[in-house]
Structure formats: C-alpha cells, structure tokens
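Q: Below are the sequence and a predicted model for it; my questions follow.
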Amino acid sequence: MTSNRPPRARHVRVLATLGPASNSVERIRALYEAGADAFRVNMSHGDDASRLKLIETVRGLESELGRPMTILADLQGPKLRVGRFAEDRVELRAGQRFRLDSDETPGDAERVRLPHPEILAVLSPGHRLLLDDGRLVLKVTAAGEGWVETEVQVPGALSNNKGLNVPDAVVPLPALTAKDRHDLSLALEAGVDWVALSFVQRADDVAEAKKLIGGRALLMAKIEKPAAMDDLEAIVELADAIMVARGDLGVELPPQEVPGAQKRMVAAARRAGKPVVVATQMLESMILSPSPTRAEVSDVANAIYDGVDAVMLSAESAAGQWPVQAVAMMDAIAREVERDSAYEGQIGFVETIPEPTTADALCAAARGIQKTVDAVAVVCFTTSGSTARRIARERIPAGLLVMTPKLATARRLGLTWGVHAVHTRDITDFEGMVAKSKRMAIRHHVAEAGDRLVVMAGVPFGVPGSTNVLHVVRLVGDELERHRR
C-alpha cells in the first residue's frame, strides 16, 4: 500500500452500505471519493455470488488506490415471523382476540401459526408482541403449551410472514442461525475485516461468535434488543466494537427512549475505548431525495458531537437514488461539526480514565503534550492496532497517523475515530522511528516545515503490546524537500 493520499479533513468515519445502487467499481470508487471510509456488506440480501463480488470489488479498488479498505459483513441474525394466511392477509380489529399457535393450518382472522415453539414457550400474560415493525401490537392474555391468546391493542392489516418482535422477554434463540454460520464462513474466507452480529441479547452471544471467528476478523455487536441494554457493560467488554442499531431497537423500545439509550451506548463504548457506530435512518429521506431533512442533519450532527467513531448509511447508499450525494452529505455534516469551536468540548462529555498501564499512561500524556506544543499530529507505530485505538479514545484534536506492518491491522482501523492508517515496513531502531515519522507525515500531507509531531512506539520494536516511548519531533526546512523525494 503506497498511496500518499492525505487523511480525510475530519475525524469521524463514514460507513456506507453497498447494494444494487452501489455494486460497480465505478460507483464504489465514487463513494470512496465522496467520503466513504468503510463499506458494509449486508448478508441479509443477495446470494453468495453477489456478496463475494462486492467484497472482491472493494479489494480490487484497494489495490488500485493504494489505500487500505475496511469491509464489514453484517450478519442477518434470527428473524421471527408469523406463518401464512389462507387468504394471504387479514384485518385485525382493536380489542379482538387473536391466537398464535403451532398449528400448521393456514391462518385466518382469529389465529395464525407462530413457527417458533421456543417463543411460545416463554410468552406470559402481559407480554407485548409487535408485528410488522411495530405497526400492530398484541398483548398476551393467556398462554399454554404451544399457544398464546392475545388482545389486539393496535389494529391493522397483517399478511403472510410478517416480522415479529418480542420486547418484554429474552428470546431463547442463538444469535447465530444456520444461515449466519454459513454467511460467516463465507465472509471470513473472503477476508472481511469486521463482522457485525445482529440481535445480540447477552454477552454469551458475543463470546460464541468470537470463538467461531477465531481472530480472523473483529466483532461488532449490534445493540437492537432491550435485553442487550441490561447486559451492556459485559457486551461492550467482550466485543471489539458496538453498533447503535436504531431500527429494531426503535421498534421494541418506545421511540422517546431511543435517544437516551443511544447516549448510554456511546458513553459505554467511549469509556472502554471501543469503536462505536450509530446507524439506521440517519439520512433516510435521501433514498428518494437529493437533500436530507433538517431533522436528519441534526441527528447526524448530534451523534458526531457525542464523539462517535462512525456514522452509517444503510439504504441511502445501498438502494437509494442518490448514494454518492448521501455520502457527500454525511462528509459535509461531519466537517462542519468538527469545525465548530464547541466540538472539542462536547466530545469530552465522557470521562476516559486510563488503565494502570504504561501504554495508557503515555496515551493520556500524549493529549496534554500535543496541546502544549501544538503538534499537528500524533504518529503511532503499532502491530495489533491496540495503541492506535487507545490514542483515539483520547479524542486528541490533531491528526492520528498510524503505521503498521500488518495490512489486516490497517484495514481494521478504518472504523476508528481520526485514524489514517498506513501499511508500511516496520521500524527497527529509534533513529528509524524518528526518520519514518517525519517522512510519512510529509508524504501524507499532515505536516510541513516547522510543525511538531508527537511520536509513540514500543521498544523493543516490532513486539506487540510494548508501547513505552513518547517522543516529540520537529520538522525543519531541508527535511521537507528530502522526505518528499
């Protein structure tokens, strides 16, 4: 990877979903040029061949542009659905009784099959059932072996195979279905960098998935179930990152509770030094319109003011009519927020307390040193990426130039706040560290003559987890021309 492209003029990352509107090399290149830092492949859609083609296209673009590209494979997770109706559709009235059972007979206006016996087994009177993304609401009034009786609280039309949400109970289903296991194997073989685990309910779900991944990718836990909020700290501790997945979370939680839940998730991830992504309906109107609503712009901006690592586009870039414009708008919002004089103060709303380690102590010190000497960038040498993530946790208001000999590490850092990762040969001595810091800072357009850099590395060089050096260097005029050559 030899490209000398400058870093983005912002710290927050943009994650763009690929799909029918963005499946060609020309369109994906346009998304990257517009500001996409990482690409999401939704494993819920398409077949194996189409998903592999997207991954291969991104990797081909990576080679062409000479920049590490980050790919996230998003697993579908367990989908709960009702069965089929004899006439395909029924109309449920407010207050009427409606039964869900294990009978395979096609449904009618009084009952329908629920092909999930494990769900029927845990439902109790008082539990709510949300159908068709919450458009219909049923309340369980009685339950027996293989059946529940409900009362319709929010009426409407219900048709074949509509989705079902159970917000009031921990669903006894594994987070990884048979389809997910197949898709996970496919994604890992194709070399994705991140795997997103859907419908996480407990830390055990994360542990199971990480065991299957076996270090071949990093794991992002999607928080979209109220049960996950009860186990949030343990989930954040086990996962490599979290996603605030507001789609299903907004169905199962009252809408007015979602903003507070988002704040708690962002704060938990920030404290742990784990990347956090905010997703779903961020620029929803841009699926059909070339411009977002003012409310959507404020939503994106507020997430950035909270110091999230990345904001995500879903259907806007995957299937919308204006995918490139949606990415460009996300980029423009981020730049404007980060230019605001209030930004630095607002992203500090979470207190990040250093762990009692040398690396944490140096990372915390780097922030104060950078501000005191007005360094334009922090330069970090890392093998695993852990030091880069720890520095990013400090939200230092300067560039973060990360150099690593491992391409996998450079790719995985594409969702970390502020990081501009460079895949390059490792250093072997202190003089080489200083020289390479200067050379790469100049080549990647993060420093000029007279600028100072804060450099971090570990001695002995090349040993993961040994960060113990913090050094300040200054570029002088003759170095500028020499290192440009």
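A: Arrived safely. Quantities reported herein were computed from a predicted structural model and do not represent experimental measurements.

Q: And for the nearest residue to Ala9 once chain neighbours are set aside, the neighbour number?
A: Spatial nearest neighbour of Ala9, excluding adjacent residues (CB to CB, 6 or more residues apart in numbering): Arg335 at 5.9 Å. C-beta coordinates here come from the backbone N, C-alpha and C atoms, glycine included. Residues within reach of Arg335, counting by other CB atoms under 10 Å, total 15.

Q: Do I have it right that Tyr343 meets Val337?
A: Yes: Tyr343 lies in contact with Val337 (CB atoms under 8 Å); the separation is 5.9 Å.

Q: of those two, who's got more company?
A: Between Tyr343 and Val337, counting by other CB under 10 Å, Val337 is the more crowded of the two (22 against 19).

Q: and that one, what is it in contact with?
A: Shown in contact with Val337 (CB atoms under 8 Å, 6 or more residues apart in numbering): 12, 301, 304-305, 343.

Q: again, but for Lys406
A: Going by CB under 8 Å, 6+ apart, the list of residues near Lys406 reads 383-384, 423.

Q: what about the spatially closest residue to Ala318 that is not a sequence neighbour, distance to Ala38?
A: Take Ala318 and drop its neighbours on the chain: the residue closest to it by CB to CB, 6+ apart is Gly19, 2.9 Å away. According to CB to CB, to the nearest Å, Gly19 stands 15 Å off from Ala38.

Q: Settle it for me: which of those two has more neighbours?
A: Taking neighbours as other CB under 10 Å, Gly19 and Ala38 compare with Ala38 leading, 24 against 21.

Q: how far away is the more buried one from Cys380?
A: Counting by CB to CB - Ala38 and Cys380 are separated by 19 Å.

Q: could you pull out the helices for the stretch 351-485 of the chain?
A: Under the criterion DSSP state H, counting those that start in this stretch, the stretch 351-485 of the chain contains helices at 358-373, 386-393, 407-412, 430-443, 477-484.

Q: so which of the ones you listed comes closest to Ala178?
A: When the helices of the stretch 351-485 of the chain are compared by CB to CB, helix 407-412 sits nearest Ala178, at 27.3 Å.

Q: can you give me the helices in the stretch 201-350 of the chain?
A: Going by DSSP H, counting those that start in this stretch, the stretch 201-350 of the chain shows helices at 203-213, 226-230, 232-238, 246-252, 258-272, 294-305, 315-318, 323-339, 343-346.

Q: buried stuff in the last one?
A: Under the neighbour-count criterion of 16 or more other CB atoms under 10 Å, helix 343-346 has Tyr343 buried.

Q: And the first one, by the same measure?
A: For helix 203-213, a neighbour-count test (16+ other CB under 10 Å) marks 203, 205-206, 209-210, 213 as buried.

Q: intersection of neighbour lists for Tyr343 and Val337?
A: Joint contacts of Tyr343 and Val337 (CB under 8 Å, 6+ apart) are 304-305.
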